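Student: Model the following, please.
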Amino acid sequence: MRHFFLTGLFAIATSFLSFGLQVIQANAQTAPVEIKNPAGAAKKSFVLLELYTSEGCPTCPPADALLARLEREQPFADTEIITLALHVDYWNSVTWKDVYSSPLFSRRQQIYSQALKINQSYTPQMIVDGRGEFTGNNSAKAHKAITDAAKISKATIEIKPNATNYKIKISNLPLHENATVFLAITEDNLASNRKSELKSNKKAEHISVVRELKSLGMLAAAQTNLEIETALQIEPTWKKDNLKLVVFVQENASRRILGVSRIKI
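Tutor: Sure, this is the predicted structure:
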């Protein structure tokens, strides 16, 4: 009799357990799954900061330092500052040359002067997103220009290694006129060859020095998307660990930046 009673209790318990498991399984199948965005609601903005500088320019070191500080500290929430240090060649002389300079960068600065209606090119000069310029050592103007630029909607640019090449996908371009896609290779931790620093035995380093700048193609006013694949030419003297690849889209006439992104090489 006792054995029968215990057997009955076991059967009832098993029945309740089975029913409970069925309910749990049913709820698991029908309950909605909540997916959270780990990145948060805010979308990251990318801002392009160009500094036109020269090792022959006596007032450029503070601007170089400001560029380096903004690059390293990234002081703006939800904004990544992408920096380019373009060394112009008009400070060079017969007896001395800025080894990082290029006439291409001087020409690019001249085009900015025409578009922004500036009487002449000068150093140090900062240009934020191709929209405004100011003296390169002016921290207050740099902060305001970056804050304003971060509010403007830009294209999405994806850069992915693909075997020996890089695949670039540009999408969601805002309304624009004819534009150009540019590629820049930058190098960090480059030693300064500035005359004054050589005399005083001071050591200084540059970051985001543009080693190469070239056009990858054109975007007509009606285009909102583009895919490009390109190979990189890395010079043996460049340290690969210090290199970054920057891609940006720039409107031809106004010079405003429509999108920018970068990756480490």
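
Student: Give the residue spans of the stretch 101-250 of the chain that score low on pLDDT.
Tutor: For the stretch 101-250 of the chain, applying pLDDT under 70 flags the ranges 195-204.

Student: For it, which segments count as strands?
Tutor: Ranges of strands in the stretch 101-250 of the chain, per DSSP state E, counting those that start in this stretch, are 125-128, 132-135, 156-162, 165-171, 179-187, 190-191, 205-206, 209-219, 226-231, 243-251.

Student: State the number of residues packed around the closest residue to residue 149 other than its chain neighbours.
Tutor: Closest residue in space to residue 149, ignoring its immediate chain neighbours: residue 129 at 4.2 Å, by C-beta to C-beta, 6 or more residues apart in numbering. Heads up, the C-betas are built off the backbone N, CA and C, glycines and all. Residues lying near residue 129 (other C-beta atoms under 10 Å) number 24.

Student: how far away is residue 129 from residue 50?
Tutor: For residue 129, the distance to residue 50 (C-beta to C-beta, to the nearest Å) stands at 9 Å.

Student: Now do the contacts for residue 93.
Tutor: residue 56 (C-beta atoms under 8 Å, 6 or more residues apart in numbering).

Student: returning to what we had before: so what's the residue nearest to residue 149 up against?
Tutor: Residue 129 neighbours (C-beta under 8 Å, 6+ apart): 47, 48, 145, 149, 152, 256, 257.

Student: please redo it, this time with the cut-off set to 6 Å
Tutor: Contacts for residue 129 were tallied using C-beta atoms under 6 Å, 6 or more residues apart in numbering; they are 47, 48, 149, 257.

Student: Just those: which are in strands?
Tutor: Under the assignment DSSP state E, those contribute 47, 48, 257 to strands.

Student: which of the strands of the stretch 101-250 of the chain is buried the deepest?
Tutor: Ranked by average neighbour count under the criterion mean count of other C-beta atoms under 10 Å, those are headed by strand 125-128 at a mean of 24.

Student: That one pairs with which strands?
Tutor: Take DSSP bridges as the rule and strand 125-128 pairs in its sheet with strand 45-53 (antiparallel), strand 132-135 (antiparallel).

Student: Dump the contacts of residue 129 to JSON lines, plus neighbour count and distance to residue 86.
Tutor: Putting these into JSON lines (neighbours: other C-beta atoms under 10 Å; distance: C-beta to C-beta, whole Å) gives the following:
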{"residue": "47", "neighbour count": "24", "distance to residue 86": "16"}
{"residue": "48", "neighbour count": "26", "distance to residue 86": "12"}
{"residue": "149", "neighbour count": "23", "distance to residue 86": "18"}
{"residue": "257", "neighbour count": "26", "distance to residue 86": "14"}
